[in-house]
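Novice: sequence first, predicted model second:
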Amino acid sequence: MYKNILVPVSLEADRNTQGAMAVAQALCDEGGSITCLHVLEQLPKYATEYLPAGHLEAARAEVVESLKSLVDGVDNASAVVVDGHSSRSILGHAENNDVDLIIVASHQPGMQDYLLGSTAAKVVRHAKCAVHVLR
């Protein structure tokens, strides 16, 4: 069905990342690829000054290890960690890498998010490819 699938991954407990990976594997064509993308939100400079030395590097390493375990054993799957704003980074990666499907796991949102999480809602509204949302 799809040749190049992007699975944005949030490591928060209420996200169904395993489910998103299962859907990605089911929808991926033979020879297709799956990319798990985690976006590390930028912290303001004034906030990082109060963090212990090496904290950000340790947090990044922990994210990389979590993503590795998620793609371990999945053919043609890779993990990518980028810095930036979640929805903009997801949309930019999709556009720059010819992604034909984005599978995003959404949380249980409040009314302000109109039935989708704010990141998922922005991806759905602005993606130039198909988007599959898991709840």
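Specialist: Everything's here; your move. The model shown is predicted, which means the values in this text are computed figures rather than measured ones.

Novice: for the rest of this, base every contact and every neighbour count on C-alpha atoms.
Specialist: OK.

Novice: just the strands in the protein please.
Specialist: Ranges of strands in the chain, per DSSP state E, are 2-8, 28-40, 77-83, 101-105, 130-134.

Novice: got the CA positions of the lowest-mean-pLDDT helix or strand in the chain in PDB?
Specialist: Lowest mean confidence among the helices and strands of the chain (mean pLDDT, DSSP states H and E): helix 45-48, at a mean of 81. Below are the C-alpha coordinates for helix 45-48, written out as PDB (Å, rounded to 0.1, in the frame of the first residue of the first chain):
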ATOM      1  CA  LYS A  45      17.900  29.100  27.200                       C
ATOM      2  CA  TYR A  46      16.900  30.400  30.600                       C
ATOM      3  CA  ALA A  47      15.500  27.000  31.500                       C
ATOM      4  CA  THR A  48      18.500  25.000  30.300                       C
END
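
Novice: just checking, what packs against that helix?
Specialist: Here helix 45-48 touches no other helix or strand, going by 3 or more Cα pairs under 8 Å, 6 or more residues apart in numbering; DSSP states H and E.
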